[in-house]
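Undergrad: What follows is a predicted protein model with its sequence.
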Amino acid sequence: MDLAQELGLEVRISREAIEAVNDFRLMCLTEANAPWITVNVPPQQIGEMFRHFAETPQQLSGLTLEITETGAVDDVEQACQLLGAARAAGAKVFLDDFGVGQSSLSLLTDLPLDGVKIDAAFVRHLTSSESARAVVSAIVELGRRMNLMVIAEGTETWEQADLLQELGVHLAQGFLFSAAMLFSQFEAVLNAGKSLSPER
């Protein structure tokens, strides 16, 4: 992603990803177990993405939008309006990489959110650092008081997963559950009714 940003390709990649996700979701709309799909929305593309869905806002239902504080801080008022409309249409909104930015706490009160995602840097040191555990515990308590779901990124070991569960984190994601895979592989897993949950 750093290289994509450096080359100015982030918006183009995100646009194509959104289109691909939308095509896949349309295939799943008739299924009772249609999956929730998450899309990272880069800073420059919040407005453009909503224009993409303007004529068919129902397509936002079942979509989770992840925004970083750099994507919202430039124009909080516009971000609130657009994200509020997305939630009204059935989408969920999460603040990504929570805890590493300078304005994360203020954004919790400014933006219409459904949850936060704990940055992987804290999860990475969870088993060896009391400070990392304290930060995760504090984020969980914030989430509880503000009625926000808390998801931990970068979960790679069962020890981390067990600690996250003990601390009250709702969900976790990371290589413990699955490495990145081609869409054709993911589709095959869904069609076969298999689970991505690992065995201990």
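TA: Okay, I see it.
Undergrad: drop to CA atoms for contacts and neighbour counts, all remaining ones
TA: OK.
Undergrad: Need the CA coordinates for stretch 152-159. PDB is fine.
TA: Coordinates of each C-alpha in stretch 152-159 appear next as PDB, following Å, rounded to 0.1, in the frame of the first residue of the first chain:
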ATOM      1  CA  ALA A 152      -8.100  -6.700  16.700                       C
ATOM      2  CA  GLU A 153      -5.900  -6.800  13.600                       C
ATOM      3  CA  GLY A 154      -2.800  -8.800  13.100                       C
ATOM      4  CA  THR A 155      -3.700 -11.900  15.200                       C
ATOM      5  CA  GLU A 156      -1.100 -14.500  14.400                       C
ATOM      6  CA  THR A 157      -1.000 -16.900  17.400                       C
ATOM      7  CA  TRP A 158      -3.500 -18.700  19.600                       C
ATOM      8  CA  GLU A 159      -1.800 -17.000  22.600                       C
END
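Undergrad: Buried ones in it, by neighbour count?
TA: Ala152, Glu153, Gly154, Thr155, Glu156, Thr157 (16 or more other Cα atoms under 10 Å).
Undergrad: for the last one, what are its contacts?
TA: Contacts for Thr157 (Cα atoms under 8 Å, 6 or more residues apart in numbering) come out as Leu176.
Undergrad: roughly how far apart are it and Leu163?
TA: With the distance defined as Cα to Cα, to the nearest Å, Thr157 ends up 10 Å from Leu163.
Undergrad: Grab the most central residue of the protein for me.
TA: For the chain, the residue whose C-alpha lies nearest the mean C-alpha position (Cα atoms, centre = their mean) is Glu66; its distance is 4.2 Å.
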